[in-house]
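Colleague: return a 3D structure for these sequence lines:
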Amino acid sequence: MIKITALGTNGWFDTQTGSTTCMMVQTDSYTLILDAGYGIAKIKQLVDFSKPAYLFLSHLHLDHVIGLHTLDYFGFEHPLTLVAPLGGKKDLLDLLRPPFTTNWERIPYKVNILEAEELDSFGFPFGVKALPLVHVVPDTGYRFEIEGKSIVYLLDTGYCENAVTLAKDADFVITESGFLPGEIDEGWPHMNPESAARLAVAANAKQMLLIHFGAALYDTIAKRQQAVDTGRKIYPNLIMGLDNMEFIL
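Modeller: Numbers count the residues shown, from 1 in each chain. The predicted structure is shown next:
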């Protein structure tokens, strides 16, 4: 069984509509955590810390990594494998040190930091592929092959061919609606619900979950619903993400 949990579905900052971005994928054997906004703090009550865990970062904007400040809150019994975005390991290491966060010696378990370029050599117990996406900073999308299911994570990106490639025929695609319906800003690449829906159609994806709703634009759940309803006119299997939603594949 694969369980997917939305721990944080806001972009930019936390509000009453949700925490900043974090998704979790659990199997009987291991846990995947996708991005580390403040939603990551919720794993304390949800994760079996006796299982190996793998944390994948899409990029290093603070709403995707600010929750790394809470790593010493957890009790992983195996080393945590932390995957930096493509080309992002040095910048991540610069961030994960005093005075910006705790001294790593205080964390009560080992953390192994990899770069996404190293995925093929690590020996994960699942398949994983990484490709660069389109954003204002280096951004990485991931495709995971887990127990016969394909789960794709595409955050903070404009519509691009690499996103379509990763999402091709996927069982479950997690992506974003940083912009309102019809809104486009080529200088700040994000998707709106229509472009996300067109991506799902082009990739022939089975389901798509929208998260990372821009906190300032989507200040009510009703606005999220309106956006998803707009996208469903293009792709009917579009799902509105809310914190604490669970999906079983």
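
Colleague: sketch out the low-pLDDT regions of this structure for me.
Modeller: Along the chain, no part satisfies pLDDT under 70.

Colleague: could you pull out the helices for it?
Modeller: 62-65, 89-95, 119-122, 161-167, 193-203, 221-232 (DSSP state H).

Colleague: reformat those helices as CSV; add distance to residue 36 and mean neighbour count.
Modeller: For every residue, glycine as well, the C-beta is placed using N, CA and C. Supplementary listing: the helices of the chain in CSV, determined by distance: least, C-beta to C-beta, whole Å; neighbours: other C-beta atoms under 10 Å:
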stretch, distance to residue 36, mean neighbour count
helix 62-65, 5, 22
helix 89-95, 11, 14
helix 119-122, 18, 12
helix 161-167, 20, 19
helix 193-203, 22, 22
helix 221-232, 22, 17
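
Colleague: JSON lines for the ones you listed, including distance to residue 2?
Modeller: Below are the helices of the chain laid out as JSON lines (distance: least, C-beta to C-beta, whole Å):
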{"stretch": "helix 62-65", "distance to residue 2": "23"}
{"stretch": "helix 89-95", "distance to residue 2": "27"}
{"stretch": "helix 119-122", "distance to residue 2": "20"}
{"stretch": "helix 161-167", "distance to residue 2": "17"}
{"stretch": "helix 193-203", "distance to residue 2": "19"}
{"stretch": "helix 221-232", "distance to residue 2": "23"}
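
Colleague: give me the buried positions along stretch 128-140.
Modeller: Neighbour-count burial for stretch 128-140 flags 128, 129, 130, 131, 132, 133, 134, 135, 138, 139, 140 (criterion: 16 or more other C-beta atoms under 10 Å).

Colleague: likewise for stretch 4-22?
Modeller: Quick answer for stretch 4-22 (16+ other C-beta under 10 Å): 4-12, 14, 17-22.

Colleague: CA-only coordinates of it, as CSV, when you get a sec.
Modeller: Taking Å, rounded to 0.1, in the frame of the first residue of the first chain, the C-alpha atoms of stretch 4-22 are listed here in CSV:
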residue,chain,number,x,y,z
ILE,A,4,0.2,10.0,0.1
THR,A,5,-0.4,12.8,2.7
ALA,A,6,-0.5,16.5,2.1
LEU,A,7,1.3,18.1,5.0
GLY,A,8,1.5,21.6,3.6
THR,A,9,-0.3,23.0,0.5
ASN,A,10,0.5,26.7,0.7
GLY,A,11,3.1,28.6,-1.2
TRP,A,12,5.1,31.5,0.2
PHE,A,13,3.9,31.6,3.8
ASP,A,14,1.6,29.8,6.3
THR,A,15,-2.0,31.1,6.7
GLN,A,16,-5.3,29.7,8.0
THR,A,17,-5.6,27.9,4.7
GLY,A,18,-2.5,25.8,5.2
SER,A,19,1.2,25.3,6.0
THR,A,20,4.0,25.8,3.5
THR,A,21,4.8,23.0,1.1
CYS,A,22,5.4,19.4,2.2
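
Colleague: what's the offset of that stretch from the middle of its chain?
Modeller: Remark: stretch 4-22 is offset 10 Å from the chain centroid, using C-alpha atoms, centre = their mean, to the nearest Å.

Colleague: from memory residue 40 sits against residue 8, does it?
Modeller: Yes - with contact defined as C-beta atoms under 8 Å, residue 40 and residue 8 form a contacting pair (7.3 Å).

Colleague: got any residues that touch both of those two?
Modeller: 22, 67 (C-beta atoms under 8 Å, 6 or more residues apart in numbering).

Colleague: picking that back up, closest to residue 113 out of the helices of the chain?
Modeller: helix 89-95 (6.4 Å; C-beta to C-beta).

Colleague: please name every helix or strand in contact with the closest one.
Modeller: The elements that helix 89-95 packs onto, with contact taken as 3 or more C-beta pairs under 8 Å, 6 or more residues apart in numbering; DSSP states H and E, are strand 80-84, strand 111-115.
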